[in-house]
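Q: okay, predicted coordinates and the sequence, questions at the end:
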Amino acid sequence: MVKNFLAALAAVFALSACAARLSTHPAIAGDLGAPVSTTQMLEALRQPGSIAFEQVIAADWTWSEDFATPGVEPPDWQDEPLEGQVYFYKLRHPTRGLILIDTGLPADTPRYLGAVVRNVFDIDNTLTTRLSTADALGREAPGAVLLTHLHWDHVLGARDLPREIPLYVGPGDGAMRHFLLRFIAPATRRALEGRGPLREWRFSADPDARTAGVIDVFGDGSIFAIHAPGHTPGSTAYIVNALDGVHLVTGDAVHSAAGWRGERVETITFDPDRPRAWETLAQLQALAAAIPGVIVHPGHQVLGKAR
């Protein structure tokens with residue numbers, strides 16, 4: 001099981017290796033958007049949407065993850081397979097053109113992952129590419145990519161994008177340190193090779209204290225970035241006011257539909273701050289409850305309209 005394999009790796013290498021950073025790629029302050037309050041965002045979402053929203057399934061993926069039963073103390077952690085997908089999202093803005101949330105995957109994904117990641121996750125047998133980023137976009141290049149975080153399954157499709165396209169990410173996302181990141185970080189590095197600095201969102205404290213910060217990305221109420229730390233320090237969720245309704249893309253603040261619905265408690269190996277991750281999830285759930293008909297997209301499963 002992945003959990004046991006990772007524990008064994010940690011035991012073997014703990015004395016010979018230091019904790020690694022997720023990314024050392026240079027970063028600068030982002031040049032898009034301005035902070036707003038949660039109340040201002042919710043007010044803007046009452047207006048008709050203007051964005052064409054498309055979820056793209058880049059790959060099918062099955063891996064093992066720990067789950068516990070809600071309300072059971074101490075937690076009854078169980079290691080179970082999770083059948084999910086790798087997604088990215090195509091947003092078509094009426095004046096800004098094509099914008100992506102996350103990047104999908106290249107057709108040759110395994111070559112960038114390294115032997116340890118391929119073996120731990122049994123990538124050759126558990127990950128099946130459906131549609132590479134290059135094939136999904138054809139000759140069209142997006143104006144910008146809004147990243148939920150810097151893990152390989154959300155950023156590796158940057159290999160298929162022109163290097164001048166700006167990538168926006170939450171503050172300090174690459175700064176997290178964890179021993180196991182020495183095996184994950186190389187894939188992120190390969191995804192970002194040859195690109196200019198990452199552009200970090202300039203979040204401010206939410207005056208309403210309902211989130212860790214909100215940015216109106218284009219200043220027109222169409223797309224909002226929400227600071228969602230926990231899974232990584234800079235993890236970011238996105239709310240899109242689309243033609244078919246309001247969409248909430250959670251990133252890996254929650255992986256599964258059951259985790260979002262509260263049927264399971266998720267624990268994710270690389271969470272640097274698990275209590276903060278659960279606090280973020282509760283904030284996103286409360287936010288979704290305040291948006292009638294919101295369509296929720298967990299990190300790796302399909303949920304649809306929040307219940």
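A: Arrived safely.
Q: and the longest helix along the chain, what's buried?
A: Counting by DSSP state H, the longest helix found in the chain is helix 274-289. Neighbour-count burial for helix 274-289 flags 276, 277, 278, 280, 281, 283, 284, 285, 287, 288 (criterion: 16 or more other Cβ atoms under 10 Å). From N, CA and C alone the C-beta is placed, and that goes for glycine too.
Q: just confirm the second one contacts residue 231, I think it does.
A: Going back to what we said before, that points to residue 277. Yes - the criterion here is Cβ atoms under 8 Å, and residue 277 meets it with residue 231 at 5.5 Å.
Q: picking that back up, which member of the buried residues of helix 274-289 is positioned nearest residue 238?
A: Using Cβ to Cβ, the shortest approach to residue 238 within these belongs to residue 284, at 11.0 Å.
Q: any idea how far residue 164 is from that closest one?
A: Taking Cβ to Cβ, to the nearest Å as the measure, residue 284 falls 32 Å from residue 164.
Q: please apply the same query to residue 211.
A: 32 Å.
Q: so the two - more neighbours on which side?
A: When residue 211 is set against residue 164 and neighbours are counted by other Cβ atoms under 10 Å, the residue ahead is residue 211, at 22 against 8.
Q: the more buried one against residue 226, yeah?
A: Yes - look at residue 211 against residue 226 with Cβ under 8 Å: they come within range, at 5.4 Å.
Q: tell me what the longest helix of the chain is packed against?
A: Contact analysis of helix 274-289 by 3 or more Cβ pairs under 8 Å, 6 or more residues apart in numbering; DSSP states H and E lists strand 245-249, helix 257-261 as its packing neighbours.
Q: chain center to the last one: distance?
A: Using Cα atoms, centre = their mean, to the nearest Å, we find the averaged C-alpha position of helix 257-261 to lie 16 Å away from the chain's own average C-alpha position.
Q: now that helix: mean pLDDT?
A: For helix 257-261, mean pLDDT is 95.
Q: please apply the same query to the first one.
A: Taken as a whole, strand 245-249 has a mean pLDDT of 98.
Q: send the alpha carbons of that strand over as PDB?
A: Extracted in PDB, the C-alpha atoms of strand 245-249 (Å, rounded to 0.1, in the frame of the first residue of the first chain):
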ATOM      1  CA  GLY A 245     -23.900  28.700 -13.000                       C
ATOM      2  CA  VAL A 246     -21.200  29.300 -10.400                       C
ATOM      3  CA  HIS A 247     -18.400  26.700 -10.200                       C
ATOM      4  CA  LEU A 248     -16.100  26.100  -7.200                       C
ATOM      5  CA  VAL A 249     -12.800  24.400  -8.100                       C
END
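Q: between residue 211 and residue 226, which contacts overlap?
A: Jointly contacting residue 211 and residue 226 under the rule Cβ atoms under 8 Å, 6 or more residues apart in numbering are residue 287.
Q: verify the stated contact: residue 303 with residue 258.
A: No - with contact defined as Cβ under 8 Å, residue 303 does not count as touching residue 258 (9.4 Å).
Q: ok, residues contacting stretch 255-263?
A: Contact partners of stretch 255-263, identified using Cβ under 8 Å, 6+ apart, comprise 65, 67, 70, 82, 84, 250, 254, 264-266, 268, 281, 285, 296, 298-303, 306-307.
Q: alright, that wraps it up for me.
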